[in-house]
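> Coordinates only, no sequence provided:
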């Protein structure tokens with residue numbers, strides 16, 4: 001089973017390049033508090049990744065594998081999660097906006113996320 005040894009740097013130092021995260025293998029990655037606004041994470045393997053309190057504002061997570069991911073407290077405002085695999089992902093305390101795009105049939109409130117007031 002592949003594992004990632006990527007550990008998030010302090011938010012001011014971790015600035016991902018969009019082209020390097022498409023289909024990236026970030027399985028079990030420690031990315032808590034990472035600043036990833038607008039990141040292109042399409043088809044990324046984020047299975048069981050730690051994304052607590054991360055900023056994913058406007059991130060493109062289409063078709064990403066987020067099964068079992070830890071997204072507690074994450075900022076998902078305007079993120080695009082269409083087609084993402086979300087089974088077992090923990091969204092408790094995460095926030096989203098009316099423009100956040102979810103997979104068909106997914107209920108973010110039932111999963112523990114809350115819509116931010118605008």
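On my side now, so go ahead. Because the structure is predicted, anything quoted here is derived from the model rather than measured. Residues are numbered from 1 along each chain as shown.
> in stretch 109-118, what's buried?
Using 16 or more other CB atoms under 10 Å as the burial criterion, the residues of stretch 109-118 that qualify are residue 113. C-beta coordinates here come from the backbone N, C-alpha and C atoms, glycine included.
> Touching it from outside, list them.
By CB atoms under 8 Å, 6 or more residues apart in numbering, the surrounding residues in contact with stretch 109-118 are 76-77, 86, 89-98, 108.
> Apply 10 Å and report the result again.
71-72, 74-77, 86, 89-100, 102, 106-108 (CB atoms under 10 Å, 6 or more residues apart in numbering).
> That one: how far from the chain's middle?
Centre-to-centre, stretch 109-118 and its host chain are 15 Å apart (CA atoms, centre = their mean, to the nearest Å).
> quick one: average pLDDT of that stretch?
Averaging pLDDT along stretch 109-118 yields 92.
> same question, stretch 85-94
Throughout stretch 85-94, pLDDT has a mean value of 98.
> hmm, who's touching that stretch?
Under CB under 10 Å, 6+ apart, the answer for stretch 85-94 is 45-49, 51-54, 56, 61, 63-77, 79, 81, 100, 102-103, 106, 108-114, 116.
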